[in-house]
Every structure is written in C-alpha cells, then in structure tokens.
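Q: can you look at this prediction? I've put the sequence above it.
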Amino acid sequence: LQGEAWKAGNGKGGAGPLLTVDRQAPGSWTFQLYTPGTDNCKKGPACKAPSADGTPVSEAAAKKAAAPVLKALGQDDAKLDASQVMGARRAVNAEPEVGGLPTYGWTTGVVVGASGEVVGGSGQLTAPVKGDTYPVLKAEEALALLNSPGDGARAGVGGCAGPVPLEEGTEQAPCDPSTATGAPGKPEKPQQKDRQTITVRDAVFGLAAHPVRGRQTLVPSWLFEVRAPGAEDAFTVTYPAVDPKYLASPAPSPSPSDGSTSSHDVPVSGWTAEGTELTVHFSGGVCSDYDATAKEDGGRVTVTVTATSQPDQVCIMIAKEFVRTVTLDEPLGNRKVVGTDGKDIPLFKPGARLPAPSSAR
C-alpha cells in the first residue's frame, strides 16, 4: 500500500509492469506494461518501452486479447468498441451494464500493442452500490432542459444546477446572479438567430458517470445520440434524468468585470507521459481557450488547466475532450500527478467519455 493506492509489480529496476488500484471504492485501477524510466538509466532494454512503430492489430485480435481481462472483471458481456487507434496500439473500450441499464463514462479500457499483448488499461474494480432513489424525467423533459439557457428552476446548460442530489430537508438554492446578463438571477436568452441546432438521433435511458461529493457516481441520465451540422460521426451528450428539484447548485463562479474575459480552473481527468512531456486530458466547452501548466515539487507534479472565455459570447452548449502537453524539467518517473486540490489525477483512461453538458462553459 502506497498512500491511497495498492501497487503491484514495477520490477526490472522500476521499469516493469505496474498495476495500481485505488484503496477507496470503486477501486479505480490502471495498468502499464512498461513504466517510464528516468534520466539516469543505464543503457539497456530495461530502461526503454517498446517502439511505438508498427501496425495496430485488427479489432477482432484486440478484442480477443482483452477478453481475459474483461472476464476477470465480470464484464465479458459488455458492449465493446475497438475502433480507437493510438499509433501502433489499439484500445478496446467496454461499456458495462449496471442494474440492467447501459452506462456512459464508466468505461473499462484495455490497450493492445502491435504484438498482440495487453500493454495498458484502466477501469473500476468493483460494481457500484445502489444509493438513494429519485423521481426521473421523460426524455422530452430532459431535452427541454438541455436546450434551455437556464433560470432559477432549471438545471440545464448555462443554468446553475449540477447533478448532485440535495441532502434531505435542504431547499434548492437560487441561481447565482453572476451568471446573468440581464435581470439578476435570470440569464438572458440568446436570440434565435445566434443559436445552432444539432439533431438528436436517439435517446436511451441509462446511467452516466458524474462527480458527486468528490467521487465518481453513476447518475440516472438520458443518453442522447446527436450529430452536429456538417459532422460525419454522431456522438453522445448526457443529461441527468433526476427531477431538477432534487439537484443541488454548485458553488457560484466569480463575476467578471464588464467586457472582460472570465477564467476558471478545469478539472483534469487523466494524463500520459513520455520522456519530459506530460499530456493532460480534460473536457470543456468548445468556445473557451485552454492553457496548461505544471509545477514540479519533490515527488509530485501539480497540473493546472485554465479556461478563458468571453462572457458575452454565444456558443453551442456542448462539451468535447481536449489535450494539452507541458514540458517537465525531467521525466515524470514515479512521481505523482495531482490537481490544484492536491488529489491524485489518474492515468488517462482510453475511451473515457464526456461529462454531462452541465459542466460545459
């Protein structure tokens, strides 16, 4: 046990296979067949990962290689997607069912190298435990909230509520006036001519992963399959299906001065490292600019991602995944990667999905 995680392996001078499992449920885990070395490695194979050159294995071969891992996790009947390719590696992403419902963002990712062996992966070790029960909305009602800029009674994109159930006896807090551009507490709706339309092709009731009180939680949600104008591929946007009166308001954002840009920190969902390059993964709104910085201090590296946006800009209200790369003074090695809150950031999970649109800016 090291800190808040169990670690197994990491032989061969610290460059061997490493399995890390969080002590706290649901037991998020990561696996690396080859752990990055350090600058003072002696020349030899123990200090190097295999070359990234080569041709990815077929989807069928990748699924076959990932099958024993998924079976051990009890996810051998999960829905699989092996279309993601990263250089010579292919990722097999499994979306398991929980309680008979499809999940989104609860992905198990298994990475298969060009030689057909499993070289990495991540997921959750234990199945989630059922919590409280809340009334849910119909798909049409959830879609209406998703399309709404939000006001004091809504929990939509541009509104003021997130997918956090209220404690018993707690009243719904009003919208933060700082989010408004017109009357206090009520954001001004954009003109119809400024809005873009994306087509909803399908809606499925399921469970989507959201952070609730600092922990990943599966929340009843509508999973909308949508397609933006001019896009070839459809993607999924989720929205909590919980009745808005049971959703708590997040902390208010600072109010920017008139005409100035607004900035805020963005949570980092994962990282990868190669040499002195540290790549961070996160999601956010499509109209913000993002900058990443890293502070090296002893055995850890603190990563900060800052989003900057124009307060009066009208923007399509969806989120997408982003990556930013920062250069470290020395290779990451065995140092921890943490966020501005001091909490560990996990190794990037291949195939991890977008959060609910309520987090988009």
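A: Sure thing, it's come through. Residues are numbered from 1 along each chain as shown.

Q: now do the SS call for K245.
A: Put simply, K245 is helix when judged by DSSP: H, G, I helix; E, B strand; the rest coil.

Q: any idea how far D243 is from K71?
A: Using C-beta to C-beta, to the nearest Å, D243 is found at 38 Å from K71. In this view, the C-beta of every residue, glycine as well, is placed from N, C-alpha and C.

Q: same question for V338.
A: 33 Å.

Q: neighbour count winner among the two?
A: Legend: neighbour count by other C-beta atoms under 10 Å for V338 and K71, higher for V338 (17 against 11).

Q: for that one, give the beta-bridge partners.
A: T302, D344 (DSSP bridges).

Q: surely it and D344 touch.
A: Yes - contact status for V338 versus D344: in contact at 5.7 Å, counting by C-beta atoms under 8 Å.

Q: for the residue lying closest to K295 once chain neighbours are set aside, what are its contacts?
A: Take K295 and drop its neighbours on the chain: the residue closest to it by C-beta to C-beta, 6 or more residues apart in numbering is T302, 4.5 Å away. Counting by C-beta atoms under 8 Å, 6 or more residues apart in numbering, T302 touches 294-295, 338-340, 342.

Q: from those, which is closest to E274?
A: For the contacts of T302, the residue nearest E274 by C-beta to C-beta is A294; the value is 14.3 Å.

Q: and that closest one, how far from P346?
A: Taking C-beta to C-beta, one finds A294 at 16 Å from P346.

Q: only the buried residues of the helix or strand P220 falls within, if you could.
A: Assigned by DSSP states H and E, P220 belongs to strand 215-227. Residues 217-224, 226 are the ones in strand 215-227 that count as buried (16 or more other C-beta atoms under 10 Å).

Q: now render the residues you listed as JSON lines, adding pLDDT.
A: JSON lines is the format used below for the buried residues of strand 215-227 (pLDDT from 0 to 100):
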{"residue": "T217", "pLDDT": "82"}
{"residue": "L218", "pLDDT": "88"}
{"residue": "V219", "pLDDT": "89"}
{"residue": "P220", "pLDDT": "92"}
{"residue": "S221", "pLDDT": "93"}
{"residue": "W222", "pLDDT": "94"}
{"residue": "L223", "pLDDT": "93"}
{"residue": "F224", "pLDDT": "92"}
{"residue": "V226", "pLDDT": "88"}
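
Q: CSV for the residues you listed, including distance to A82?
A: Below are these laid out as CSV (distance: C-beta to C-beta, whole Å):
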residue, distance to A82
T217, 28
L218, 24
V219, 27
P220, 28
S221, 25
W222, 26
L223, 20
F224, 24
V226, 23
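
Q: any weak-confidence spans in the stretch 1-150 of the chain?
A: 11-15, 35-53, 149-150 (pLDDT under 70).

Q: any chance you could map the strands in it?
A: With strands called from DSSP state E, counting those that start in this stretch, the stretch 1-150 of the chain shows them at 5-9, 18-22, 28-32, 79-86, 89-95, 97-98, 101-104, 108-112, 118-124.

Q: what does the first one contact?
A: In this structure, residues lying in contact with strand 5-9 by C-beta under 8 Å, 6+ apart are 1, 16-23, 344.

Q: what's the most distant pair in these?
A: G16 and R23 (22.2 Å).

Q: neighbour-wise, which of the two wins?
A: Between G16 and R23, counting by other C-beta under 10 Å, G16 is the more crowded of the two (14 against 11).

Q: F31 versus the more buried one, what's the distance?
A: 12 Å.

Q: one more: V280?
A: For V280, the distance to F31 - C-beta to C-beta - is 20 Å.

Q: could you do P331 as well?
A: Taking C-beta to C-beta, one finds P331 at 20 Å from F31.

Q: same question for P102.
A: From P102 to F31 the distance is 25 Å (C-beta to C-beta).

Q: returning to that earlier point: filter the contacts of strand 5-9 to the buried ones?
A: 17-18, 20-22, 344.

Q: got the strands of the stretch 1-150 of the chain as a markdown table, with distance to A67 columns?
A: Formatted as a markdown table, the strands of the stretch 1-150 of the chain follow (distance: least, C-beta to C-beta, whole Å):
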| stretch | distance to A67 |
| --- | --- |
| strand 5-9 | 21 |
| strand 18-22 | 18 |
| strand 28-32 | 15 |
| strand 79-86 | 9 |
| strand 89-95 | 9 |
| strand 97-98 | 17 |
| strand 101-104 | 19 |
| strand 108-112 | 9 |
| strand 118-124 | 10 |
